[in-house]
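Next one to model:
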Amino acid sequence: MCVTERTPALTCVRLADAAVAAGAFETLCSLSQSCDLVVVTSRQHVIQDLTLEWLDRHYAGLFEEVYFGNHFALQGASRKKSDICK
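Okay, the predicted model is just below:
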């Protein structure tokens, strides 16, 4: 489920319909030829499935891993992006 006290339903709808930046897919495809691409996000675990579905819909197969910082979550540990990237 996507709705929590800190993640209202409207936020979930916006995430699901978020637009892709023009040229992003082509640029990431080019980068993926010489780099292993990962996503590091502060998004909460409660919207993890929604985020992964969006990435798969728009950037299928481009990212090796997706790391969630779980910032401002009511449950679960939170990790700084800088700590994830170490």
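
mind showing which ranges of the protein have poor pLDDT?
Residues of the chain that meet the criterion pLDDT under 70 lie in 1-13.

give me that answer again for 90
Along the chain, the parts satisfying pLDDT under 90 run over 1-19, 45-47, 50, 72-76, 86.

where along it do the helices fall?
Here the chain has its helices, by DSSP state H, at 9-16, 24-32, 48-59, 81-84.

Just the angle for the third one relative to helix 24-32, thanks.
Which is helix 48-59. Following axes from the mean of the first three to the mean of the last three Cα atoms, to 10 degrees, one obtains 90 degrees for the angle between helix 48-59 and helix 24-32.

re the thing from before, output the helices of the chain in JSON lines, with mean neighbour count and distance to Ala73 appended to each entry.
To be clear about C-beta, it is placed using only N, CA and C from the backbone, and glycine gets the same treatment. Converted to JSON lines, the helices of the chain look like this (neighbours: other Cβ atoms under 10 Å; distance: least, Cβ to Cβ, whole Å):
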{"stretch": "helix 9-16", "mean neighbour count": "13", "distance to Ala73": "13"}
{"stretch": "helix 24-32", "mean neighbour count": "12", "distance to Ala73": "27"}
{"stretch": "helix 48-59", "mean neighbour count": "15", "distance to Ala73": "11"}
{"stretch": "helix 81-84", "mean neighbour count": "12", "distance to Ala73": "14"}
